[in-house]
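[1] Got a predicted structure here, sequence first:
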Amino acid sequence: MQGKRVLVTGGAGFIGSNLANHLAADNDVLALDDLYLGTPENLDDAVEFHEASVLDDDLPTEDVDVLFHLAALSSLTMHEDSIDGLRRGARVNVEGFANAVEQSRQDGCETVVYATTSSIYGDRTEPSPEEMDVEARTGYEASKLARERYGEYFANAHDLSVAGMRFFSVYQGYGGSEGHKGEYANIISQFADDIANGESPVIYGDGSHTRDFTHISDVVRGLELAADHELTGIYNLGTGESYSANEVVEMLAAALGADVEPEHVENPIPETMFVHDTMADPSKMTAATGWEPEISFEEGIEQVCSQYE
């Protein structure tokens, strides 16, 4: 992508800032964030930062060619066990999406790429294709499914290119823009930091739960390709492989040359909110754009650990 005016919502967060910084080399990039979890320190000087909410009436959408809508409250930050948390999650994740897309559309933007979630697939040890049945087990998942339906509406009613990207388990390590997330960071990043500092990583349950770990550079490349190809519909961004929490600790310890045993604790996350296994089927994205993950799990582990050398 070159010579475009781009708006990234959630642009000071982990994925958003990586995307904004990458695109700023060849494009005019605006990053919008309310700083609930993001920080402008993640952004390069070339990115124009706006502290604002996706619920605002006057978003900086003038002359924007591409909207990347990544702003959202996660299942852990929604605090959906309270009425206020559930309402805030619905407003930010659904109304905020519709608001940002509509303002962008009215100002002439015709290409939208947005974040949805793979957790709606539930527990899967086999690759999950986009066309399989999905369900909402949490308020967060319900909000992301509603976002997908609004994306479908904008594509059908207004002939926009609207691509929803179902992320899996995205990581980078604390040496990148993921560091500010702390306890909300990917377990690879949390465990690596623990082990590098001689502490025992804390594993929920027996550690058999698995994730499709996708490196941030592959996710950024996938988002850019979705915009370049003006995709419409739902697409997985994942590797098609998965590893358990126990395997993550073993590989990190080996890469860091550490002799550290993990601590297993009872899972504090309610069963209805905890997805035990995830694995992507990325073949639809590959067929549409040629995208394939370039960072293997082993290489990703090495990159995370190299931050502690």
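    Alright, I've got the coordinates. Numbers count the residues shown, from 1 in each chain.
[2] Please pull up the helix or strand immediately following the helix or strand of the chain with the lowest mean pLDDT.
    For the chain, the helix or strand with the lowest mean confidence is helix 75-78, at a mean of 66 (criterion: mean pLDDT, DSSP states H and E). Next in sequence after helix 75-78, counting helices and strands by DSSP states H and E, comes helix 83-90.
[3] What's the mean pLDDT across that following helix?
    Summarised as a single mean, pLDDT over helix 83-90 is 89.
[4] Can I get that helix in CSV, CA atoms only?
    Output of helix 83-90 as CSV, limited to C-alpha atoms (Å, rounded to 0.1, in the frame of the first residue of the first chain):
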residue,chain,number,x,y,z
ILE,A,83,-24.2,-4.3,33.7
ASP,A,84,-21.9,-1.3,33.2
GLY,A,85,-19.2,-3.5,31.7
LEU,A,86,-21.6,-5.2,29.4
ARG,A,87,-23.1,-1.9,28.2
ARG,A,88,-19.6,-0.4,27.6
GLY,A,89,-18.5,-3.4,25.7
ALA,A,90,-21.5,-3.3,23.4
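[5] Low-confidence ranges, the stretch 1-150 of the chain, go.
    76-81 (pLDDT under 70).
[6] Going along the chain, name the strands of the stretch 1-150 of the chain.
    Here the stretch 1-150 of the chain has its strands, by DSSP state E, counting those that start in this stretch, at 5-9, 28-33, 48-51, 66-69, 111-117.
[7] what does the third one contact?
    Counting by CB atoms under 8 Å, 6 or more residues apart in numbering, strand 48-51 makes contact with 11-12, 28-35, 40, 43, 60, all of which sit outside it. Bear in mind the C-beta positions are built from the backbone N, C-alpha and C, glycine included.
[8] Could you count how many residues lie near Glu183?
    Using other CB atoms under 10 Å, Glu183 has 6 neighbouring residues.
[9] and the residue lying closest to it once chain neighbours are set aside, what pLDDT?
    Nearest non-adjacent residue to Glu183, counting by CB to CB, 6 or more residues apart in numbering: Gln190, 7.4 Å away. With respect to pLDDT, Gln190 scores 95.
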